[in-house]
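Trainee: What follows is a predicted protein model with its sequence.
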There are 2 protein chains.
Amino acid sequence: MKATVTLEQVALASGVSVSTVSRILNGSANVSPNKRAAVEQAVAQLDYKPNVLARGLARGRTMSIGVVTQDVSSPFYGDMLRGIEHGLSGSGYLPIFADGHWHPEEENAAIDVLLGRKVDALIVLGGAVADERLLEVSATLPLLVFGRQIPEIAEQCLRLNNERGAYLLTKHLIEFGHRRIAHIAGPSAHRDACDRLAGYRAALTDAGLNVIPELILEGDFLESSGFMAATRLFEGREVFSAIFAANDQMAYGARLALHRKGVRVPDDISLVGFDDLPSSTFCTPPLTTVRQPTYDLGIAVAGSVLRMLAGERPRLPHIELQLVLRESTALLRPGLP
Amino acid sequence: MKATVTLEQVALASGVSVSTVSRILNGSANVSPNKRAAVEQAVAQLDYKPNVLARGLARGRTMSIGVVTQDVSSPFYGDMLRGIEHGLSGSGYLPIFADGHWHPEEENAAIDVLLGRKVDALIVLGGAVADERLLEVSATLPLLVFGRQIPEIAEQCLRLNNERGAYLLTKHLIEFGHRRIAHIAGPSAHRDACDRLAGYRAALTDAGLNVIPELILEGDFLESSGFMAATRLFEGREVFSAIFAANDQMAYGARLALHRKGVRVPDDISLVGFDDLPSSTFCTPPLTTVRQPTYDLGIAVAGSVLRMLAGERPRLPHIELQLVLRESTALLRPGLP
DNA sequence: TTGTATGCGTTATCAT
DNA sequence: ATGATAACGCATACAA
C-alpha cells in the first residue's frame, strides 16, 4: 500500500532538515522541544520506519547477531536458540541463524554467510571448525563460543564439564549397587562424547570396578543408534544391569529396545541419559539424566554478547551440570551381578 | 585482520571501472574475456565479498526471507524450519526467523521486525494475527502462509486437513473395537484443535456412537496438560478404552499418567496422538498417530516462495495427512465396554 | 563493450 | 541548535 517513507519525507512534513530528524530519532544531543514535537508527530503520522539497511550501511552495524548452530530442529539447540532469542529481545538486536549440520565445511560456509551479512557479533554453538578460523573471526568482531574451549579467547568460551556430569551419573548407578554398567557413547569425533566416556571410566575406576570394553558401544547421538546399540548389547555375552547413554536421545532409543525385549526399566535394567531434554520428564519412566540448562545457557550467552557489543567483558557465568534423579534408575536387585 | 574489500578496490586492482566489475559479478550481459579474467583474479586474490547491505540498498532487495514461527524450540516448528532452510539453500536467500510465541501481539511485532529488515518475502507459520494484516503484507511482498486459509490469497496458503486426520485416527480406534474413546483436545482458540475435535466427533457419529462430553477434555498442546487431562479422565465416572490426544506431545503426557496408574498401553488402553513427531517412533510403545510431513512441508513452502520471488505462481502442493499405525493401539479386549 | 554519474536511505562531519 | 553535504558500497541509466 504505502510506499516506503524516508527520512527526507519526514523532514519535509515537519519543516526541518533531515539531519535534525536523524538526530531526534537517535536521541543524540540537543534539539529544541518544538522541533522535536513536530518531528515526532510527523513520524507517527507517516508511520515512518527507519530502513535498517541504509542505517547499517551508514553506521557500519546491522543490529543483527549471527548464530551458528548444528541442527535447528534438535531439541537441544532449539531450546538454546529460544534462550538466545529471549536474551536478545528488547535489545534491538536480532539473531540470525545458520546451520552447520554437524559438518565443518557447512559450518564454515554458515560463518561466511553470516559475516557476509555483516552481523555485529557471532555466536558459535558446538561444531568443529578449526580454532584458527574462530580466532580470525574473533579478531574481527565479538565472538562467543559454546561447547568448546579455545585458550586464546577463554573468556568468550562457555563449556560445561561433561566429564563431571558423566562421572556423577555413573557414580549414581554405582551407589545403587550396579557394577556392570554399559555405556552407549557418542561419536568419538565429538568432544563432548569423549568427555562423557572419560567421566564414565573415571567413576568406574574410582570405585574399584574395571572397565569392560565389550560394554562400551558407539552411537551417533540419535535415537536409532541408541536402539541398535542396546540391541547389540543383549547379543553380547557380557551381562549388565544398567545402561548409561551419552545423551537422552540415545537413551530413548535404548529404552525402546529394552521394551521390545520385554525388559523392564528400572526393575530389570536401570537407564540414564544426558542433557535432560524437555521430553525426558515425560518418558516412561521419566529419565534420570544430567541437566544441561540449555535455555538459561542461551540467555547467558546472549547477555555476554550484548556486553561485548557494549565494549565490556563477556563475563560468562560458570555453570555446573546437575544430576536429575527420576524413575529410570533403581537399586540393583539382589542376585544380579 | 583484512579490512573490508570494496568493489572499487577490485576495480583498481584489475584496471577496470567499478561498473564493469559489478557487471561481471552479476553476470549481466557483455564483457570482454580478458577483462573478465583480470577481474575474477582480483576478486579471488583480494577475497572480495560483496556487501549485502549496500547491494540491498542499491537493488532494493536483501536476499533474505522472513519466517514467523510460534516456537522455534518445538519439534514441530523446528523440523519445518529445517525443511525451509534446506529448500532455500543454494538459492542465495537466507531465512531469518522471528518468533511469535503463540501471541498475536508478539507475532505482529515479529512481522514488523522482519518487514523492517526489508525481507524480500515472508513465510508465516501458524499463529493468529488478523487476516487483514496478512492481506496488507501480501500486497507488499510475496507471502506464504502455513496452517490457515485466507480466501483472498488461497493460492498462497497451505493448510492440511486436520479434521480428516482426526477422523482417520478415531475411525481406526473404532475399527479396533473401541466405542468409548476419550479426547484430549487442544486449546479451543486454536483452529487446528477445533478441526481435530470436529473430526473426532464426526467419526463417532458416523459410526453410530454418541459423543460423551465427559470424555472430552481441553489441554494446551503441551505434555503436562496431557498428563493432567489423562489423570482427570480416571477421576471421572465415564469409562473409556482409548485416548485420542490432539497432538503427540499431549499423548506423551497422557502416556506417563497411564504409566503412573499402572495402566498398560495398548493392553489396557489404546493411545493415539497427532503430528508424528520424530520421537514418536521411539516412545514406549511407539505411538500411533497421524503424520504431518513437517520437513517436506518446509521444503514445499520454500520452493513456493522461490517461485513467487521469480514472478511465478506459488503452486503449493496438496498434501494429505497419513495415518501411521504403530504399537500404542490394539484391539479392544473382550469384556470391556 | 566500457566508463561516468547518480541514487538507495542514513549517519556523521562539517560549517553556520 | 541546525542545516548542507559527504560518505557508506553497490547497481544502473546514460553516455561514449
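Mentor: Arrived safely, thanks for sending.
Trainee: going forward, measure contacts between C-alpha atoms and count neighbours the same way
Mentor: Noted.
Trainee: thought A:Glu223 was touching A:Leu256?
Mentor: No: with contacts counted by C-alpha atoms under 8 Å, A:Glu223 stays clear of A:Leu256, the gap being 9.2 Å.
Trainee: Look up how far DNA strand D lies from A:Ala182.
Mentor: 56 Å (C-alpha to the nearest atom of the strand, to the nearest Å).
Trainee: Got the phi and psi for that residue?
Mentor: Reported as degrees, to the nearest 10, the phi and psi values for A:Ala182 are phi -80, psi 150.
Trainee: That one pairs with what?
Mentor: When bridges are taken as DSSP bridges, the partners of A:Ala182 come out as A:Ile243.
Trainee: ok, is stretch A:97-105 in contact with chain B or not?
Mentor: Yes: Stretch A:97-105 lies in contact with chain B when judged by C-alpha under 8 Å from any C-alpha of the partner chain; the contacting residues are A:Phe97.
Trainee: Now tell me what touches that stretch from outside.
Mentor: Surrounding stretch A:97-105, the residues in contact under the criterion C-alpha atoms under 8 Å, 6 or more residues apart in numbering or on different chains are A:66-72, A:106-111, A:113-114, A:127-129, B:96-97.
Trainee: what ranges do the strands span in chain A?
Mentor: If you assign secondary structure with DSSP state E, the strands in chain A sit at A:64-69, A:94-99, A:121-125, A:143-146, A:157-158, A:181-185, A:216-218, A:242-245, A:270-272, A:289-291, A:322-324.
Trainee: are any of the contacts of stretch A:97-105 buried, and which?
Mentor: Among the contacts of stretch A:97-105, those buried by neighbour count (16 or more other C-alpha atoms under 10 Å in any protein chain shown) are A:66-72, A:106-108, A:110-111, A:113-114, A:127-129, B:96-97.
Trainee: JSON lines for the strands of chain A, including distance to B:Glu214?
Mentor: Formatted as JSON lines, the entries for those read as follows, by distance: least, C-alpha to C-alpha, whole Å:
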{"stretch": "strand A:64-69", "distance to B:Glu214": "45"}
{"stretch": "strand A:94-99", "distance to B:Glu214": "45"}
{"stretch": "strand A:121-125", "distance to B:Glu214": "48"}
{"stretch": "strand A:143-146", "distance to B:Glu214": "49"}
{"stretch": "strand A:157-158", "distance to B:Glu214": "51"}
{"stretch": "strand A:181-185", "distance to B:Glu214": "45"}
{"stretch": "strand A:216-218", "distance to B:Glu214": "49"}
{"stretch": "strand A:242-245", "distance to B:Glu214": "42"}
{"stretch": "strand A:270-272", "distance to B:Glu214": "38"}
{"stretch": "strand A:289-291", "distance to B:Glu214": "37"}
{"stretch": "strand A:322-324", "distance to B:Glu214": "37"}
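Trainee: now the ones you listed as TSV including mean pLDDT and distance to DNA strand C?
Mentor: Conversion of those to TSV gives the following (pLDDT from 0 to 100; distance: least, C-alpha to the nearest atom of the strand, whole Å):
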stretch	mean pLDDT	distance to DNA strand C
strand A:64-69	96	15
strand A:94-99	94	16
strand A:121-125	97	18
strand A:143-146	97	22
strand A:157-158	96	30
strand A:181-185	98	52
strand A:216-218	98	54
strand A:242-245	98	52
strand A:270-272	98	53
strand A:289-291	97	43
strand A:322-324	97	45
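Trainee: For the residue in the stretch 101-250 of chain A that DNA strand D sits nearest to, give its distance to B:Val43.
Mentor: Proximity of the stretch 101-250 of chain A to DNA strand D (C-alpha to the nearest atom of the strand) peaks at A:Gly116, 9.8 Å away. In this structure, A:Gly116 and B:Val43 are 15 Å apart, going by C-alpha to C-alpha, to the nearest Å.
Trainee: Compare the two (neighbour count), which wins?
Mentor: The residue with the greater number of neighbours, taking A:Gly116 and B:Val43 and applying other C-alpha atoms under 10 Å in any protein chain shown, is B:Val43; the counts read 22 against 14.
Trainee: Verify the contact between that one and B:Ala11 for me.
Mentor: No: under the criterion of C-alpha under 8 Å, B:Val43 makes no contact with B:Ala11, lying 9.2 Å away.
Trainee: Count the neighbours of A:His178 for me.
Mentor: Based on other C-alpha under 10 Å, the number of other residues close to A:His178 is 23.
Trainee: Sorry, wrong one. I was asking about A:Glu235.
Mentor: 10.
Trainee: Also A:Tyr77?
Mentor: As a burial measure, the neighbour count of A:Tyr77 was computed by other C-alpha under 10 Å and equals 22.
Trainee: Go ahead and confirm it touches A:Gly83.
Mentor: No: with contacts defined as C-alpha under 8 Å, A:Tyr77 does not count as touching A:Gly83, sitting 9.7 Å away.
Trainee: residues in the stretch 1-150 of chain A within reach of DNA strand D, list them.
Mentor: Proximity of the stretch 1-150 of chain A to DNA strand D is confined to A:15-20, A:30-32, A:35, A:54, A:57-58 under the rule C-alpha under 7 Å from any atom of the strand.
Trainee: Below-threshold pLDDT in chain A: ranges please.
Mentor: Using pLDDT under 70 as the threshold, the predicted model of chain A has low-confidence ranges A:1-3, A:28-29, A:335-337.
Trainee: quick one, domains of it?
Mentor: For chain A, the structural domains run A:7-50, A:64-160+A:294-319, A:162-292, going by automatic domain parsing.
Trainee: could those domains be laid out in a markdown table, adding distance to B:Val211?
Mentor: Written out in a markdown table, the entries for these read as follows (distance: least, C-alpha to C-alpha, whole Å):
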| stretch | distance to B:Val211 |
| --- | --- |
| domain A:7-50 | 52 |
| domain A:64-160+A:294-319 | 37 |
| domain A:162-292 | 29 |
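Trainee: Thanks a lot, see you next time.
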